[in-house]
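Peer 1: build me a structure from this.
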Amino acid sequence: MMVADTHNDLLMAVSARAPGLWAEFFRSRWLPQLRQGGVTLQVLPVFIESQFRPEGSLRQTLRMIECAHVIAEGNADAVALCLDAAQIDAALAED
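Peer 2: Okay, the predicted model is just below:
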């Protein structure tokens with residue numbers, strides 16, 4: 001059975017911290033919750049809060065995308081950043 005969470009504010013919460021803390025904050029705060037919930041697929045929406053619009057929208061979008069990459073690189077033993085369906089299938093097949 002696969003459990004997919006298609007709406008989560010994970011990137012907003014993690015990227016609000018200093019970049020050097022992103023991977024560890026994800027590992028200590030979010031990963032246990034995802035595992036406890038049996039989540040095997042997490043969709044990471046990039047939502048821009050009104051305080052960043054319009055001038056800071058691009059900067060905040062890029063920060064969240066960078067955050068996703070840092071989380072994946074810093075937790076490669078536990079997560080994979082997938083950009084298309086084939087990568088999702090491959091990651092799920094490895095599990």
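
Peer 1: so how far is stretch 57-67 from its chain's centroid?
Peer 2: Relative to the centre of its chain, stretch 57-67 is centred 12 Å away, using C-alpha atoms, centre = their mean, to the nearest Å.

Peer 1: first-to-last residue distance for stretch 46-54?
Peer 2: Start-to-end span of stretch 46-54 (C-alpha to C-alpha, to the nearest Å) is 15 Å.

Peer 1: ok now that stretch, how far from the chain's centre?
Peer 2: In terms of C-alpha atoms, centre = their mean, the centre of stretch 46-54 is set 17 Å apart from its chain centre.

Peer 1: what's the answer for stretch 66-73, then?
Peer 2: For stretch 66-73, the distance to the chain centre is 7 Å (C-alpha atoms, centre = their mean).

Peer 1: so which bits of that stretch are buried?
Peer 2: For stretch 66-73, a neighbour-count test (16 or more other C-beta atoms under 10 Å) marks Cys67, Ala68, Val70, Ile71, Ala72 as buried. Yep, even glycine has a C-beta here, placed from its N, CA and C like the rest.

Peer 1: ok, and the closest non-adjacent residue to the third one?
Peer 2: When you say that, I think you mean Val70. Trp22 (4.7 Å; C-beta to C-beta, 6 or more residues apart in numbering).

Peer 1: pull the contacting residues for Ala72.
Peer 2: Counting by C-beta atoms under 8 Å, 6 or more residues apart in numbering, Ala72 touches Val79, Ala80, Leu81.

Peer 1: swap in Ala4?
Peer 2: Per C-beta under 8 Å, 6+ apart, neighbours of Ala4: Val39, Thr40, Leu41, Gln42, Val43.

Peer 1: okay, it and Leu34: tell me how far apart.
Peer 2: For Ala4, the distance to Leu34 (C-beta to C-beta, to the nearest Å) stands at 11 Å.
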